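1. Build the 3D model from these lines:
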Amino acid sequence: MANYKFGKEYSFLALDLGTANTIAYVSGQGIVYNEPSLMAYDTLTNSLIALGTEAYKMIGKTHDHIRMVTPLVDGVISDMEAAQDLLKHIFGRLKLSNIWKNAIVVLACPSGVTELERSALKAIAKDMGASYVLVEEEVKLAALGAGINIGLAQGNLVIDIGGGTTDIAILSAGDIVISRSIKVAGNHFDAEIQKYIRAEYNVLIGIKTAEQIKKDIGSLIKLVNEKPVRVFGRDIITGLPREVLVKPEEIKNVLLAPFSRITDLLVEVLEQTPPELAGDVIRNGITICGGGALIRGIVKYFESIFQLKVRTATDPLMCVIEGAKTYEKKLGALVERIELIDTTEYKL
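-> Predicted coordinates for the structure are as follows:
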């Protein structure tokens, strides 16, 4: 193998191109970008007018000549050109466009993506100028970022609840033994809150308002002395602006339905887990990562159902990118692995 001069000839990038947020890490500079995966285009000129947080502020407040674009929907690239455009503008704005030349890139992807979708992710990085690209499953990176030593021959159960998908996996001996993915996650929770407010109060609210309700009073257990929140929207009967009070108990009941689907998937994973690894899971418990880990009562919820120890990662939102950063320590082995994967794919 060639004697690669890492840090001089090659740069290292880690990217979590998520449904909700895009996070970018550059070797030697740390986290250079952490904003919503959203862009706003002027339809008359087809030019980008806002990106990330600025675009997020525009949700529900635009006119017919502005088009909001999310490159990833439910963990899958829905717009290849937009995804590439997103990365070009991010690194262009940061004046780091040249960083892609001769770069070694680790890209995170949901467990359920197809080989075609993996290839699409890899193609984006290659088109940006990257020399080596590894597309790794988010749940594996999340486990590493949560501080789990997945290199041991010992079963660890990880749940990564992101914006578009929830990934559940058993990891042992350095890789995933079993993994499953479901398109029930943060965005789905917001949509369910939207539907409930409309059905219960005849009030139409925006997706940002639904997300804020989830953050303010979202819980999976009964909260003591929790006050209702004021919600503003449009009355679907009169068409006029209207204010309603929403109680925490109502949102708890809304969230329990989608979470029951996540627990069903977890049961499915556990039923397929080899006996020896199942014993390890009993000893090690469950680790929860991703934005969904911030919903109050989530630990007690899973503990009450599965009678296992449950913990949330110290920084659940950053687990995937923190896990990707660990690859920087062994760049030589990383390049060998990428070359082996690329050679195998070519032969196939």
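2. Which parts of the stretch 101-250 of the chain are helices?
-> Per DSSP state H, counting those that start in this stretch, the stretch 101-250 of the chain carries helices over the ranges 115-128, 138-145, 186-201, 207-217, 248-271.
3. and those helices as TSV, adding mean pLDDT?
-> Converted to TSV, these look like this (pLDDT from 0 to 100):
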stretch	mean pLDDT
helix 115-128	88
helix 138-145	96
helix 186-201	97
helix 207-217	96
helix 248-271	97
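4. for the stretch 51-200 of the chain, what spans make up the strands?
-> 66-69, 72-73, 76-77, 103-109, 132-137, 156-161, 166-172, 175-182 (DSSP state E, counting those that start in this stretch).
5. what angle sits between the fifth one and strand 175-182?
-> I take that to be strand 132-137. If you take axes from the mean of the first three to the mean of the last three CA atoms, to 10 degrees, strand 132-137 sits at 60 degrees to strand 175-182.
6. What helices and strands are in contact with strand 132-137?
-> strand 103-109, helix 115-128, helix 331-347 (3 or more CB pairs under 8 Å, 6 or more residues apart in numbering; DSSP states H and E). In this view, the C-beta of every residue, glycine as well, is placed from N, C-alpha and C.
7. So which of these is the most surrounded?
-> strand 103-109 (a mean of 24; mean count of other CB atoms under 10 Å).
8. Quick one: work out the angle between it and helix 331-347.
-> Using the same axes, to 10 degrees: strand 103-109 against helix 331-347 is 70 degrees.
9. Measure how buried Asp216 is and give me the count.
-> As a burial measure, Asp216 scores 15 neighbours (other CB atoms under 10 Å).
10. cool, and Ile221?
-> By other CB under 10 Å, neighbour count at Ile221 equals 16.
11. I'd say it and Asn253 touch.
-> No. Counting by CB atoms under 8 Å, Ile221 stays clear of Asn253, with 11.7 Å between them.
12. any low-confidence regions in the stretch 1-150 of the chain?
-> The model of the stretch 1-150 of the chain has pLDDT under 70 over residues 1-8.
13. try it again with 90
-> By pLDDT under 90, the low-scoring segments of the stretch 1-150 of the chain are 1-11, 17-19, 46, 71-85, 93, 97, 101-102, 109-121, 123-124.
14. Give me the domain ranges for this structure.
-> Domain assignment of the chain by automatic domain parsing yields the ranges 11-141+319-347, 148-312.
15. Single out the most deeply packed of the strands of the stretch 51-200 of the chain.
-> strand 156-161 comes out most buried of those by mean count of other CB under 10 Å, with a mean of 27.
16. Just checking: what are the partner strands of that strand?
-> strand 166-172 (antiparallel), strand 286-289 (parallel) (DSSP bridges).
17. Apart from its chain neighbours, what residue comes closest to Ile31?
-> Tyr25 (5.5 Å; CB to CB, 6 or more residues apart in numbering).
18. Mind checking the helices of the stretch 101-250 of the chain for the one nearest to Met80?
-> helix 115-128 (6.0 Å; CB to CB).
19. what would the strands paired with strand 156-161 look like in a markdown table with mean pLDDT and distance to Leu94?
-> Shown next, in a markdown table, are these (pLDDT from 0 to 100; distance: least, CB to CB, whole Å):
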| stretch | mean pLDDT | distance to Leu94 |
| --- | --- | --- |
| strand 166-172 | 96 | 29 |
| strand 286-289 | 98 | 26 |
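20. got those as a markdown table, with distance to Leu13 columns?
-> Listed next are these as a markdown table, based on distance: least, CB to CB, whole Å:
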| stretch | distance to Leu13 |
| --- | --- |
| strand 166-172 | 22 |
| strand 286-289 | 21 |
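21. Leu270: which of those is closest?
-> Per CB to CB, nearest to Leu270 of the strands paired with strand 156-161: strand 166-172, 8.4 Å.
22. got the contact list for the closest one?
-> The contact list for strand 166-172 (CB atoms under 8 Å, 6 or more residues apart in numbering) reads 110-112, 137-140, 142-143, 148, 150, 152-160, 176-182, 184-185, 262, 265-266, 269, 273, 277, 280-281, 290, 292.
23. This completes my enquiry, with thanks.
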